[in-house]
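Chemist: have a look; sequence and predicted model below, questions after that.
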Amino acid sequence: MGRAFEFRKGRKMKRWSAMAKTFTRIGKDIVMAVKEGGPNPDSNSRLRAVIQNAKAANMPKDNVERAIKNASNKDTANYKEILFEGYAPHGIAILIETASDNNNRTVANIRSYFNKCNGTMGTQGSVEFMFDHTCNFRIAKDGIDAEELELELIDFGAEEVFEDEDGILIYAPFGSFGALQKELENRGLEILSSGFERIPQITKELTEAQIADVEKLIEKIEEDDDVMNVYHTMKED
């Protein structure tokens, strides 16, 4: 198995913030998708993907429809996606994806977390190169052979295809999202969820005490409402 499989296994052992936070993230994704491509999921592939993710997270349909309606209002503020980079204690690289309607607030908050937890906020490009930007799709198993599917999807960018208890996962470079989404839909395969992740190329092993130092910073960052995802180079069991 490749790095995506190991990354996914490690991430699964970690908490994926509270349900309310997940719904908040999806709500922001809906706003950005509607502002970019309109409120009709049939003609807006990004919105279609977000709706699938909302369903996978058990977000009530009413909440989704309300979010789409609100996002269609021209007075609704859009969110700007900003990437922050830096180092946690013990040389662990940190990459933070945010979606904010107030850039100054977000910058100030992220900087304060690094300062309070003995980290260092980096400049643009200082750690991003240490991570592979990937896209992924989860589809229903439905008797599909993962190895066979991987061979069939190589031409559309697929690099890793593997099974877990919730379905079949397909990983590809970030830029292959559109081609893969289209091909899976053309094949009539049910996409349960999809998304983007940044997989560290190399991870560093730490002691328990060092891990606690890094996790203190990560937890502080994850609590921020503007933060969508946090990635790091610390080795996870």
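Modeler: That came through, no problem.

Chemist: which elements pack onto the longest helix belonging to the chain?
Modeler: Ordering each helix of the chain by length in residues (DSSP state H) puts helix 19-37 first. Other helices and strands packing on helix 19-37, by 3 or more CB pairs under 8 Å, 6 or more residues apart in numbering; DSSP states H and E, are helix 45-56, helix 61-72, strand 92-100. For the C-beta atoms, the positions are set from N, CA and C on the backbone; glycine is no exception.

Chemist: repeat that with 7 Å
Modeler: Under the contact definition 3 or more CB pairs under 7 Å, 6 or more residues apart in numbering; DSSP states H and E, helix 19-37 sits against helix 45-56, helix 61-72.

Chemist: check which residues of the first one are buried.
Modeler: Meaning helix 45-56. 45, 46, 47, 48, 49, 50, 51, 52, 53, 54, 56 (16 or more other CB atoms under 10 Å).

Chemist: ok, so of those residues, who is nearest residue 95?
Modeler: residue 53 (20.7 Å; CB to CB).

Chemist: which residues touch residue 196?
Modeler: Applying CB atoms under 7 Å, 6 or more residues apart in numbering to residue 196 gives the contacts 133, 134, 135, 174.

Chemist: now do the SS call for the third one.
Modeler: Look at residue 135: counting by DSSP: H, G, I helix; E, B strand; the rest coil, its state is strand.

Chemist: so it makes contact with residue 176?
Modeler: Yes. The criterion here is CB atoms under 7 Å, and residue 135 meets it with residue 176 at 6.2 Å.

Chemist: looking at those two, which is more packed in?
Modeler: Each of residue 135 and residue 176 has its neighbours counted (other CB atoms under 10 Å); residue 135 has more, 23 against 19.

Chemist: ok, residue 221 to residue 83 distance?
Modeler: 13 Å (CB to CB, to the nearest Å).

Chemist: contact partners for the closest residue in space to residue 79 that isn't next to it in sequence?
Modeler: Nearest in space to residue 79, with sequence neighbours left out and distances taken as CB to CB, 6 or more residues apart in numbering, is residue 99 at 4.1 Å. By CB under 7 Å, 6+ apart, the residues touching residue 99 are 28, 32, 79, 81, 226, 228.

Chemist: do residue 82 as well
Modeler: Taking CB under 7 Å, 6+ apart, one finds 98, 100, 103, 106 in contact with residue 82.
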